[in-house]
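Enquirer: Prediction below, plus the sequence it came from.
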Amino acid sequence: MAAKRLREDESTRPSKKPKKGFSVGPANLPEGTYKRKVQKIKKDLITKAKLKKEYAKVKAQEQPNVHKSVYDRDDESSELEPAQSAPEPTLEPHPDRAKLLEEGSVEPETAAEQYSGSRKRRPRPQPFKNETEFAQKRKEEAEARQKAREGAEEERQRKTAERERFRKAMAKARGGPNGQRKLGRESKVLLEKVKRMTGHA
């Protein structure tokens, strides 16, 4: 079967596609909160667009010559009278500035000096300042506990060593001939013990 031949006017004429409205959010949302929210957003956008259109119409009616070209000139305003012409620029300072300079209240400063002097840098914001401080505090506490543990361990070892030395010294003091005590050695050990106990060592 032969293909249908188009007429010349049909082939040259572009085919019109139906206008599709705009969409907000994904098309396959299930019924529920998200779909209602998307519908509400779309409705708000349409309302705002209509409002803008109405406002533009009202504005155009009230002010018909708002969108005037820059190049369009009125004959009366384009020609300046010699009395209204702008004053010619001079190198002399403005009268107010000259008066201030004479009084000496304001020293002439460059723009860079004014900028650097008047504006001070704010410290950069630290996003996790509280967390950092908390972590630092915990770290310091942990270090203090570690030092206390180490100090206690050293003290324990020192006392153990001292007790051992005292025990050996007392054993030597008892080991005289016929099991007699060596009073010279024993007296030194006992004197150290007494000093330690009284806190004079």
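Expert: Received the coordinates, thanks.

Enquirer: packing partners for the helix or strand hosting residue 138?
Expert: Residue 138 is part of helix 129-174 when elements are defined by DSSP states H and E. On a contact count with 3 or more C-beta pairs under 8 Å, 6 or more residues apart in numbering; DSSP states H and E, helix 129-174 meets helix 183-198. Placement of C-beta: from N, CA and C, glycine included.

Enquirer: Mind listing what's buried along the helix it packs on?
Expert: For helix 183-198, a neighbour-count test (16 or more other C-beta atoms under 10 Å) marks 185, 186, 189 as buried.

Enquirer: I'd like the distance between residue 33 and residue 40.
Expert: 11 Å (C-beta to C-beta, to the nearest Å).

Enquirer: what does residue 46 give?
Expert: Taken as C-beta to C-beta, the span from residue 46 to residue 40 is 11 Å.

Enquirer: Please put the alpha-carbon coordinates of stretch 89-106 into CSV.
Expert: The C-alpha atoms that make up stretch 89-106 are tabulated as CSV, following Å, rounded to 0.1, in the frame of the first residue of the first chain:
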residue,chain,number,x,y,z
PRO,A,89,34.7,72.4,37.1
THR,A,90,37.6,74.0,39.1
LEU,A,91,40.5,72.7,41.0
GLU,A,92,39.6,74.6,44.1
PRO,A,93,38.1,72.5,47.0
HIS,A,94,34.4,72.8,47.9
PRO,A,95,33.7,75.8,50.2
ASP,A,96,32.6,73.6,53.0
ARG,A,97,35.7,71.5,52.8
ALA,A,98,37.9,74.6,52.6
LYS,A,99,36.2,75.9,55.8
LEU,A,100,36.9,72.6,57.6
LEU,A,101,40.5,72.6,56.5
GLU,A,102,41.0,76.2,57.7
GLU,A,103,39.7,75.2,61.2
GLY,A,104,42.1,72.2,61.2
SER,A,105,39.4,69.8,62.4
VAL,A,106,39.9,67.4,59.5
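
Enquirer: Kind regards, and thank you for your time.
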